[in-house]
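Student: quick one: sequence and predicted model below, then my questions.
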Amino acid sequence: MLDLTYESPKPKLISGATGEWELVIGMEVHAQVSTKAKLFSGASTQFGAEPNSNVSFIDAGMPGMLPVINEGCVAQAVRTGLGLKAAINLHSAFDRKNYFYPDLPQGYQISQLYHPIVGEGEVLVELGDGKARLVRIERIHLEQDAGKSIHDMDPSLSFVDLNRTGVALMEIISRPDIRGPEEAAAYVLKLRQIMRYLGTCDGNMQNGNLRADVNVSVCRPGDYERYMESQDFSHLGTRCEIKNMNSMRFIQQAIEYEARRQIALLEDGKSVTQETRLFDAEKGETRSMRSKEEAHDYRYFPDPDLLPLEIEQAWVDDIEASLPELPDAKKARFIADYGLSDYDASVLTAEHESAAYFEEVAAASDGKLAANWVLNELFGRLKRDGDKAITESPMTPAQLGGIIGLIVKGDISGKIAKDLFEIVYTEGGDPSVIVEERGMRQVTDTGAIEAAVDEVIAANPAQVEKARANPKLAGWFVGQVMKATGGKANPKAVNEIVSAKLGL
Amino acid sequence: MSIDEGTAARVAKLARIQVAPERLPALAEEFSAILGFIEQLNEVDVDGVEPMVSVTPMRLKRREDVVTDGGQQKAVLANAPDAREGFFAVPKVVE
């Protein structure tokens, strides 16, 4: 793999009354595993179904029901682990995390506290300007999602839908290596990008596919380096956990608010209490989730319904062999092979569908031109067209490649190409056929251009005088000739002929 | 290890089982007896012995990723004390 070199960014500094503070952030990202059926039952994972229709008796916590693990979920967790360059544990096991809530009919969540399926890995989080943070992954475990409670349908009742109950989640736990709100959002985005490449999580934050708990603490400059050297947490401040956020903006706002709250407490001579907090998006602040405190005794124990999960190295190897090219490698290759800028390569590889589209266009034409046309023209056009995704583009890569090919060959000018782009986008068709049928071919025939230039010169003697006195005005003639030829004349040829005829 | 009444009350609360105060001493004693038995088991030296998770050597049973269940809203809601518009209806629980 081609490696790009990055510099670690400085941590975000917050100035308090008594000096500067740094942020230390660790995250727990809950990613819904993309599979057809749930983790331990055969009910569908489809989002948006009728309430309580994707529910088996296992999910509903009926007595006597036994969970049977979905091998597809295990494969997806392994795939995700491999994508994050993590260790895969051939032996893992399931535990029960006990608590009561209306959307948890079993009275416990099946999770993997003691023996997770995926061990240590890492994620490179790019932050622009050649900066990137390497965030260490501590572990990934498989667990069941809970159902959904709806509180606004009745004044005195909560409504419970168990469709999500038992859907597989991967909980991805990072080390406290994230040093600012922007980095936290970029980290979630990078995880999302990798999982979308892998096809292991749809990453639709609005549907709750991807949710994050954020652990925030503050420390003085130098403390974090002491922690990194010793891995001793006592160098870091007391952390608070902000639960269940499903928007990049909220994650950043919550961290910002929480850091300032903790700094204010510490500078006031008080101390931070380790606790779970909720982010109130309306007020833009975090508040204590007191009710969770006493329930924090989850009384974990190994799930007696499930034997340990043993997987074979050969099976893991097969999954590894089927991994697609991942974002970092793809981006590095785009920069090396197509001569793209770091920024252009980042945008094109953000979604693997865009990257695939670009590569098809580039194969049919030219890398740099393809990047320009996809990024500037196509993305812009799709945005104006009801914010369509690249997969919904009415223009195929072959068509766009065809248009660019015509520019490269000199058959059409850049200006005509834009008109042609619009025609192909709205009407479809083969670009080269359209160019022939509608007479859009660039006039490179110097005889025809000369005739047009002669005509313009003959009709405008006054302008000719002016242009001879001030050669910069020759541009006016070029414009007139382009107009007369309907933009089809080769601009370079027109320039040369105008200069020659005017004797400049 | 002996369990006091406070711990017994806490365990009952975490399990959402109502225990009248006069029954707590007996419950605490029962817990203590169970733990005493476990402590006795702990005396067996199991150093170097693999934990046995199954009496017969068995592999965890797996399913393929195929939808085989669901589509039974009525049955799922049949035992609910209150259900409306396809949802379970429960006393308001909101943070």
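Tutor: Great, that's in hand. Numbers count the residues shown, from 1 in each chain, chains lettered A, B, ... in the order given.
Student: so whichever residue of chain B sits closest to chain A is in which element?
Tutor: Chain A sits closest to B:Asp65 of chain B, with a gap of 2.7 Å, by C-beta to the nearest C-beta. Where you see a C-beta, it was placed from the backbone N, CA and C, and this is true even at glycine. Using DSSP states H and E, B:Asp65 sits in no helix or strand.
Student: by mean pLDDT, flag the weakest helix or strand of the chain.
Tutor: The chain I'm using is chain A. Scoring the helices and strands of chain A by mean pLDDT, DSSP states H and E places helix A:290-294 at the bottom, with a mean of 57.
Student: you answered for a different chain; I wanted chain B.
Tutor: Ranked by mean pLDDT, DSSP H and E, the weakest helix or strand in chain B is helix B:5-14, scoring a mean of 92.
Student: residue ranges for the strands of the stretch 51-200 of chain A, please.
Tutor: For the stretch 51-200 of chain A, the strands defined by DSSP state E, counting those that start in this stretch cover A:69-70, A:91-92, A:95-98, A:108-111, A:121-128, A:131-144, A:148-150, A:157-161, A:168-174.
Student: re earlier: is the least confident helix or strand of chain B up against chain A anywhere?
Tutor: Yes - Helix B:5-14 is in contact with chain A by C-beta under 8 Å from any C-beta of the partner chain, via B:Leu14.
Student: hey, C-alpha coordinates of that helix in CSV?
Tutor: C-alpha atoms of helix B:5-14 as CSV (Å, rounded to 0.1, in the frame of the first residue of the first chain):
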residue,chain,number,x,y,z
GLU,B,5,-29.9,-7.1,54.9
GLY,B,6,-28.9,-3.9,53.1
THR,B,7,-27.2,-5.9,50.3
ALA,B,8,-30.2,-8.2,50.0
ALA,B,9,-32.5,-5.2,49.7
ARG,B,10,-30.2,-3.8,47.0
VAL,B,11,-30.1,-7.0,45.0
ALA,B,12,-33.9,-7.2,45.2
LYS,B,13,-34.2,-3.7,44.0
LEU,B,14,-31.9,-4.2,41.1
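Student: what's it packed up against?
Tutor: On a contact count with 3 or more C-beta pairs under 8 Å, 6 or more residues apart in numbering or on different chains; DSSP states H and E, helix B:5-14 meets helix B:24-42.
Student: could you point out which element follows the helix it packs on?
Tutor: According to DSSP H and E, the helix or strand after helix B:24-42 is strand B:62-63.
Student: quick one: average pLDDT of the next helix or strand after that following strand?
Tutor: Once strand B:62-63 ends, the next helix or strand along the chain (criterion: DSSP H and E) is helix B:73-77. Helix B:73-77 comes out with an average pLDDT of 97.
Student: for stretch A:106-117, same thing?
Tutor: 96.
Student: same check on stretch A:216-223?
Tutor: 96.
Student: list the buried residues in that stretch.
Tutor: Neighbour counts using 16 or more other C-beta atoms under 10 Å in any protein chain shown place A:Val216, A:Ser217, A:Val218, A:Cys219, A:Asp223 of stretch A:216-223 among the buried residues.
Student: nearest to chain B among those residues?
Tutor: A:Val216 (19.1 Å).
Student: contact partners for the nearest residue to that closest one once chain neighbours are set aside?
Tutor: Distance criterion C-beta to C-beta, 6 or more residues apart in numbering or on different chains; nearest residue to A:Val216, sequence neighbours excluded, is A:Glu258 at 4.6 Å. Neighbouring residues of A:Glu258 by C-beta atoms under 8 Å, 6 or more residues apart in numbering or on different chains: A:Val214, A:Val216, A:Cys240, A:Ile242, A:Arg277, A:Thr286.
Student: so who does the residue nearest to A:Pro431 when sequence neighbours are not counted touch?
Tutor: Nearest residue to A:Pro431 in three dimensions, chain neighbours excluded: A:Gly402, at 4.0 Å (C-beta to C-beta, 6+ apart). By C-beta under 8 Å, 6+ apart, the contact set of A:Gly402 is A:Ala364, A:Ser365, A:Asp430, A:Pro431, A:Ser432.
Student: surely the second one is in contact with A:Val408?
Tutor: Which is A:Ser365. Yes - with contacts counted by C-beta atoms under 8 Å, A:Ser365 reaches A:Val408, the gap being 6.2 Å.
Student: out of the two, which sits in the busier spot?
Tutor: Applying other C-beta atoms under 10 Å in any protein chain shown to A:Ser365 and A:Val408 shows that A:Ser365 carries more neighbours, namely 22 against 12.
Student: B:Ala9 versus the more buried one, what's the distance?
Tutor: Remark: distance between A:Ser365 and B:Ala9 (C-beta to C-beta, to the nearest Å) = 76 Å.
Student: again with A:Leu84
Tutor: In terms of C-beta to C-beta, A:Leu84 sits 45 Å off from B:Ala9.
Student: residue ranges with poor pLDDT in the chain?
Tutor: You didn't pick a chain, so chain A it is. Applying pLDDT under 70 to chain A flags the ranges A:1-4, A:290-296, A:444.
Student: think we crossed wires, I meant chain B
Tutor: Those would be B:1, B:95, if you go by pLDDT under 70 across chain B.
Student: any idea which residue of it is furthest from its center?
Tutor: B:Glu85 (30.7 Å; C-alpha atoms, centre = their mean).
Student: hmm, back to that, which of the contacts of A:Glu258 lies closest to chain B?
Tutor: Closest to chain B, out of all of those and judged by C-beta to the nearest C-beta, is A:Arg277, at 10.7 Å.
Student: identify the residues contacting the helix or strand that closest one falls within?
Tutor: Using DSSP H and E, A:Arg277 maps to strand A:276-280. With contacts defined as C-beta under 8 Å, 6+ apart, strand A:276-280 is touched by A:240-245, A:250, A:253-254, A:257-258, A:285-289, A:292-293, A:296, B:95.
Student: identify those among those residues that sit within strands.
Tutor: A:Cys240, A:Glu241, A:Ile242, A:Lys243, A:Asn244, A:Met245, A:Glu285, A:Thr286, A:Arg287, A:Ser288 (DSSP state E).
Student: narrow the residues you listed to just the buried residues.
Tutor: Members of the ones in strands among the contacts of strand A:276-280 classed as buried by 16+ other C-beta under 10 Å are A:Cys240, A:Glu241, A:Ile242, A:Lys243, A:Asn244, A:Met245, A:Glu285, A:Thr286.
Student: hang on, the earlier thing: more crowded one of A:Leu84 and B:Ala9?
Tutor: A:Leu84 (22 against 15).
Student: ok, now which ones touch that one?
Tutor: With C-beta under 8 Å, 6+ apart, A:Leu84 has these contacts: A:Val118, A:Gly121, A:Glu122, A:Val123, A:Ile137, A:Ile140, A:Ile172, A:Leu191, A:Ile194.
Student: run a quick neighbour tally on the residue lying closest to A:Thr426 once chain neighbours are set aside.
Tutor: Nearest residue to A:Thr426 in three dimensions, chain neighbours excluded: A:Pro394, at 7.7 Å (C-beta to C-beta, 6+ apart). Using other C-beta under 10 Å, the number of residues around A:Pro394 comes to 14.
Student: before we move on, back to that, my guess is the residue nearest to A:Pro431 is in a helix, correct?
Tutor: Yes - the assignment for A:Gly402 is a helix, going by DSSP: H, G, I helix; E, B strand; the rest coil.
Student: roughly how far apart are it and chain B?
Tutor: 40 Å (C-beta to the nearest C-beta, to the nearest Å).
Student: same check, this time on A:Ala254
Tutor: Noted for A:Ala254: a distance of 15 Å to chain B, by C-beta to the nearest C-beta.
Student: how about the residues of the stretch 1-150 of chain A by chain B?
Tutor: Contact residues, the stretch 1-150 of chain A versus chain B (C-beta under 8 Å from any C-beta): A:35-37, A:41-44, A:50-58, A:60, A:68-74, A:98, A:100-102, A:149-150.
Student: and with 7 Å instead?
Tutor: Counting by C-beta under 7 Å from any C-beta of the partner chain, the residues of the stretch 1-150 of chain A close to chain B are A:35-37, A:41-44, A:50-56, A:60, A:68-72, A:100, A:102, A:149.
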